[in-house]
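[1] Any chance you can model this:
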Amino acid sequence: MEKVILRKRITSIDMLRGLVMLFMLLDHVRETFFLHLQMGDPVDVQTVSFPLFFNRMLAHICAPVFILLTGLSAFLYGQARGGSRKEISLFLFKRGVFLILLELIVINFGWTGEFPPHKIYLQVIWAIGFSMISLSLLLWLPEKLLLILALILIFGHNTLDSLHFDKSSPWYTPWAILHDRSWLNWGWINIRTSYPILPWIGVISLGYCLGPLFKKTTKPVFRQRFLLISGFISLSLFLILRYINVYGDKPWMNFDSSWLTFMSFFNITKYPPSLLFLLFTLSIAFFLLFGFEKLSSKLEFKPLLVLGSVPMFFYIVHLYFLKLLYLLCVAVWGKNKGDFFGFTHVWQLWTTTIVIAFILYPFVKWFSKYKSEHKNIEWLKYL
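    Below is the predicted model:
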């Protein structure tokens, strides 16, 4: 049996992960009960209310934080096991394959309810899994070269936006997976590459490169200063590039309404994540990591720690809970929004999110405790 190596969890990382899990829950409540009001990417600011736009902005933070922290956690996993690249690489590869299978079988069914599926959506868990497999190979590069590659992917992938391939081209499928969000038609199955993974490989690699900041030998004051400066640099680059309106995302527009202009300025593209999307959301991630580390020395938010300690368990449980809740609402009240049951007001999304978080918390807390007390069970690491 593999030797179990105990590692103290880093409070700031778990609290950040727990917070974005709540943002994710809010967005998935929206996707469940606002099906009648679909939002594009980027959003059409002239047809969406500011509260709903703000909801979507909060959700933007989730995927970058998940994937950045996945890379960071991979480094810390290696440190806990003596820094063996071979062991890290093998774990990343196995867990990446596991997550892709989880997306295809368990999570896709949670969204569509189809079995056998006619549509498969390759979403964030797929992106994390594929990114982990990629990192399992890339981590053999020298650290400086890996960092350079990460920055090239993050800053440079928008130069490829004009590159497209016809469906008859052999490059169509790999390019749809890497960069072009589109549909793949394989017989009776239609596959949506919702999360093209090229920029996400850059984000997970950047997270891995941040790993040395969280080593025990790194002084907290240095780490906090680095996170704060990185946040300001990322945010400044976002504001400058967005104002110039030349590169990194679809242009923003001036409207007669200052609110519409404001929304247009911050209306950024997620699929695939544009440079400006990543600069803005990663700047928030850096600020939150800094803030949670400063705060954790005085105060710990236990619910966030619990959610952040078992994010995959919470992801799966909340998805199926939402599906059951939606079916129950349809059975009781019927389809009140055309083909769907839906809410009318944004406050209903927030209220539902809070209620669901309270309902699911005891189950998540139990599993977190169980996982902590059974570190010898190997498969628990995958959740």
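[2] Relative to residue 207, how far out is residue 75?
    8 Å (C-beta to C-beta, to the nearest Å). For glycine as for every other residue, the C-beta is placed from the backbone atoms N, C-alpha and C.
[3] hey, what's in contact with both of those two?
    Here residue 75 and residue 207 have no joint contacts, going by C-beta atoms under 8 Å, 6 or more residues apart in numbering.
[4] Comparing those two, which shows the higher neighbour count?
    Neighbour totals were compared for residue 75 and residue 207, and residue 207 leads with 26 against 23 (other C-beta atoms under 10 Å).
[5] Now do the contacts for the residue nearest to that one when sequence neighbours are not counted.
    Leaving aside its sequence neighbours, residue 207 sits nearest to residue 71 (C-beta to C-beta, 6 or more residues apart in numbering; 2.6 Å). Neighbouring residues of residue 71 by C-beta under 8 Å, 6+ apart: 131, 135, 203, 204, 205, 206, 207, 208, 209, 210, 211.
[6] hmm, 6 Å instead?
    204, 207, 208 (C-beta atoms under 6 Å, 6 or more residues apart in numbering).
[7] Just the pLDDT at it, thanks.
    You'll see residue 71 listed with a pLDDT of 96.
[8] Assign a three-state SS to it, would you?
    Secondary structure, DSSP: H, G, I helix; E, B strand; the rest coil: residue 71 is helix.
[9] Pretty sure residue 251 sits against residue 245.
    Yes: using C-beta atoms under 6 Å, residue 251 is in contact with residue 245, at 5.0 Å.
[10] of these two, who's got more company?
    residue 245 (13 against 10).
[11] Need phi/psi at that one.
    phi 70, psi 30 (degrees, to the nearest 10).
[12] mind starting the numbering at 820 from now?
    Okay, using 820 as the starting number, the last item reads as residue 1064.
[13] Kindly provide the distance from it to residue 1092.
    For residue 1064 relative to residue 1092 (C-beta to C-beta), the value is 18 Å.
[14] Contacts only, for the residue most central in space within the chain.
    The residue lying closest to the centre of the chain (C-alpha atoms, centre = their mean) is residue 882, at 1.5 Å. Contacts for residue 882 (C-beta under 6 Å, 6+ apart) come out as residue 943.
[15] Check which residues of the helix or strand hosting it are buried.
    Element membership for residue 882, per DSSP states H and E: helix 881-899. Neighbour counts over helix 881-899 (16 or more other C-beta atoms under 10 Å) mark 881-898 as buried.
[16] Mind pulling up the pLDDT for residue 1117?
    65.
[17] Next secondary structure element downstream of the strand or helix carrying residue 1099?
    For residue 1099, the host element (DSSP H and E) is helix 1094-1115. Sequence order places helix 1121-1128 as the next helix or strand after helix 1094-1115, per DSSP H and E.
[18] so that following helix versus helix 881-899, what angle?
    Relative orientation of helix 1121-1128 and helix 881-899, computed by axes from the mean of the first three to the mean of the last three C-alpha atoms, to 10 degrees: 80 degrees.
[19] what distance separates helix 1121-1128 from the middle of the whole chain?
    When distances are taken as C-alpha atoms, centre = their mean, to the nearest Å, helix 1121-1128 is centred 17 Å away from the chain's centroid.
[20] Tell me the helices and strands packed up against it.
    helix 830-852, helix 1165-1192 (3 or more C-beta pairs under 6 Å, 6 or more residues apart in numbering; DSSP states H and E).
[21] any chance you could map the helices in the stretch 920-1069 of the chain?
    Using DSSP state H, counting those that start in this stretch, the helices of the stretch 920-1069 of the chain run over residues 927-931, 943-957, 962-975, 991-997, 1017-1028, 1039-1063.
[22] Show me the shaky parts of the stretch 970-1119 of the chain.
    1116-1119 (pLDDT under 70).
[23] how about a cut-off of 90?
    986-987, 1004-1008, 1034-1036, 1113-1119 (pLDDT under 90).
[24] Compute the number of surrounding residues for residue 1078.
    12.
[25] helix/strand/coil for it?
    helix.
[26] Kindly report the same for the one 10 residues further on.
    Three states are possible here, and by three-state DSSP the one that applies to residue 1088 is coil.
[27] can I assume it is in contact with residue 861?
    Yes: in this structure, residue 1088 is within contact of residue 861 by C-beta under 6 Å, at 5.1 Å.
[28] Which residues belonging to stretch 1161-1177 are considered buried?
    Applying 16+ other C-beta under 10 Å to stretch 1161-1177 flags 1161, 1162, 1165, 1168, 1171, 1172, 1175, 1176 as buried.
[29] Quick check: mean pLDDT of it?
    The model assigns stretch 1161-1177 a mean pLDDT of 95.
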